[in-house]
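[1] Below are the sequence and a predicted model for it; my questions follow.
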Amino acid sequence: MLEKIWHTEVGGDAPRIPFLPQAEEKVEIWIGSFPVEWGQQVWIEFRVNGSGEWKKITCNWQYNSQENSYWRALITSIPKDTSVEYKIRGRQHNVRIADESIYSFTPGVSSSPAPGGP
C-alpha cells in the first residue's frame, strides 16, 4: 500500500527543475513514492495568483529505484510575475495520501544574451 509521497523542491531525489524558472519556461515537478507497488497514481494540484480552483496535472511514472518510484509532472507557459502554488497527492486502490505542504514559485524575466553573444 502507498505509504509516503515527497517532493524535495530543491536538490534531493524529487526536485523542481528548474528551481527558479524564467517566464514561459517548462517546470518539471518530481515526486517520490514509497514503496514500489502496482496501482499507484500521483498528481499535483496547482493554482495561479492564489485564487481560483486547484487544477490537476497527472504525474507520469518515470522509474523505480530500490524501494521508491519516481514521477514527473510538467507545468508549462507560466507568464512572468505569476505566482504558482502546488500540492502533491497520491492514491492507491482508492486510498488517498497527501503531503499537506504547499510549494510555490514565481517565474522571473528571461535574461537576454549579451550583444555579440550566443
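    Cool, the structure landed.

[2] Tell me the spacing between the spatially most central residue of the chain and Asn94.
    Among the residues of the chain, the one closest to the centroid is Ile29, at 2.4 Å (Cα atoms, centre = their mean). Distance from Ile29 to Asn94, counting by Cβ to Cβ, to the nearest Å: 24 Å. Placement of C-beta: from N, CA and C, glycine included.

[3] contacting residues around the lowest-mean-pLDDT helix or strand in the chain?
    Lowest by mean pLDDT, DSSP states H and E among the helices and strands of the chain is strand 95-105, with a mean of 92. If you take Cβ atoms under 8 Å, 6 or more residues apart in numbering as the criterion, strand 95-105 is touched by 1-7, 9, 16, 19-21, 27, 83-91.

[4] Wait, the residue nearest to the centre of the chain touches Arg72, no?
    Yes: judged on Cβ atoms under 8 Å, Ile29 makes contact with Arg72 at a distance of 6.9 Å.

[5] follow-up on the earlier one: which residue, neighbours along the chain excluded, lies closest to the residue nearest to the centre of the chain?
    Excluding its sequence neighbours, the residue lying closest to Ile29 (Cβ to Cβ, 6 or more residues apart in numbering) is Ala73, at 4.5 Å.

[6] Could you do Pro79 as well?
    Ala23 is the one closest to Pro79 (Cβ to Cβ, 6+ apart), at 5.7 Å.

[7] wait, doesn't that neighbour sit right on Ser77?
    No: Ala23 is beyond contact range of Ser77, at 9.2 Å (criterion: Cβ under 8 Å).

[8] Comparing the two, which shows the higher neighbour count?
    Ala23 (15 against 11; other Cβ atoms under 10 Å).

[9] Quick check: the more buried one vs Glu9, distance?
    For Ala23 relative to Glu9 (Cβ to Cβ), the value is 20 Å.
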